[in-house]
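Student: A predicted structure for the sequence below; I have some questions about it.
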Amino acid sequence: MQHPPVYYGEYLQLNKIIEAQTPESFKEGNEPAHDEMLFIIIHQAYELWFKQILFEIDSVTDIMAKKFMDDNSTDLQTVVHRLQRVTTILKLLVQQIDILETMTPMDFLDFRDLLRPASGFQSWQFKIIEAKLGLKFDQRHGQKYYTSQLKQTDIDSIKNAEKENTLLDLINGWLERMPFFKENNLWENFKISSEKESEHSVNNDHPFWKEYENIYNDGLVEGEKINIEHYKKIFFEDAENKERALSPEACRSALFIMIYRGYPMLELPFQLLDTLLEIDNQLGNWRYSHVNMVRRMIGTRIGTGGSTGAGYLHGTMDKHYIFKEISQLNSFLTDRRKLPKLPNEIASRLGYNL
């Protein structure tokens, strides 16, 4: 059956898109503000990219929600690839602020008051992105107001997203499934170089983690010794802390991936963890650039949606780091030259020599 011809404009529905700009200042009785067209198009572009980010996140969570995800199949490669696409889109969103800043504060004032109470604060898609990645309600800045300006249908969409398994939840489950510490026979030939126990020694019988604790502790300078207490809580205790997103078991797996990422089997898992940190980094860059732009445009005035403007945005910079528990694991890395030598049984599997 022959496929009917496709026309470019109809395929992209360009008539809908190109006619979707209706500046308030262009309406009868108002003085047309030239820069309002730019303002609308920039924000429409943001929302289109937000839609694409949600599309990528949903596809990734569908893959990771499988009962069994084979890390040696294309599943993990697809997850990493699509999340890296998200980071590239986020970089573009930061760059778009440069275009918006070609509008001066006086240019903005030509139409700003006509926008009330519309505001970027009402972007329900962005709030859903944060929720699907793993930002919990209790972690949000300005909890009382974050849906106060939204229609009920949009509030419902955000609340539904908050009830789903987030990407961070699925990452935790994926890390907990790492097989290498569930098979004790793989560690029968592992030798501890020192049987000494530090005064903060963790309550763990696994020889690898005993050895790693000693190596890590020996590498700390005097002012860092408190890190051993944090090490114990993060990797072996505090499992019932509901504020945690990653379990101690998941944190141990993530650290193992980080320190032995040179092995072929751990290359993609490390890229996944690193990409999650880059997503946080780019979201942080976007918020930082957004704060600076808002300060430049309106100073200390409140936002058109009733928020505290730059003050609110600055608060989200401090609180809305989603993958911070992965980032904090970098505090527990040690000199690669001192890393424990893995048993041949483990090294062989990590090198795909099954």
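Tutor: Yep, it's here. Numbering: from 1, shown residues only.
Student: For the rest of this, base every contact and every neighbour count on C-alpha atoms.
Tutor: OK.
Student: does His290 sit in a helix or strand, and which one?
Tutor: His290 belongs to helix 264-298 when assigned by DSSP states H and E.
Student: What residues of that helix count as buried?
Tutor: Residues of helix 264-298 classed as buried by neighbour count (16 or more other Cα atoms under 10 Å): 265-266, 268-291, 293-295, 297-298.
Student: Summarise which helices and strands that helix is packed against.
Tutor: For helix 264-298, the packing partners by 3 or more Cα pairs under 8 Å, 6 or more residues apart in numbering; DSSP states H and E come out as helix 74-100, helix 105-109, helix 248-259, helix 310-319, helix 324-327, helix 344-350.
Student: what mean pLDDT does that helix have?
Tutor: For helix 264-298, the mean per-residue pLDDT is 90.
Student: now swap in stretch 185-195 and tell me
Tutor: On average, stretch 185-195 scores 78.
Student: Give me the phi and psi for the closest residue to Glu164 other than its chain neighbours.
Tutor: The shortest distance from Glu164 to any residue other than its chain neighbours is 7.5 Å, reached at Lys132 (Cα to Cα, 6 or more residues apart in numbering). Phi and psi for Lys132, reported as degrees, to the nearest 10, are phi -70, psi -30.
Student: which one of the helices and strands packed on helix 264-298 lies closest to Pro32?
Tutor: helix 105-109 (11.2 Å; Cα to Cα).
Student: what residues does stretch 242-251 touch?
Tutor: For stretch 242-251, the surrounding residues in contact (Cα atoms under 8 Å, 6 or more residues apart in numbering) are 168-169, 172-173, 175-176, 234-239, 325-326, 329.
Student: cool, and stretch 322-340?
Tutor: 130, 133-135, 168, 208, 211-212, 215-216, 219, 231, 244-246, 251, 254-255, 259, 273, 276-277, 280.
Student: could you flag which of those are buried?
Tutor: Among those, those scoring as buried are 130, 133-135, 168, 208, 211-212, 215-216, 231, 245-246, 251, 254-255, 259, 273, 276-277, 280 (criterion: 16+ other Cα under 10 Å).
Student: can you count the residues close to Lys27?
Tutor: For Lys27, the tally of surrounding residues (other Cα atoms under 10 Å) stands at 10.
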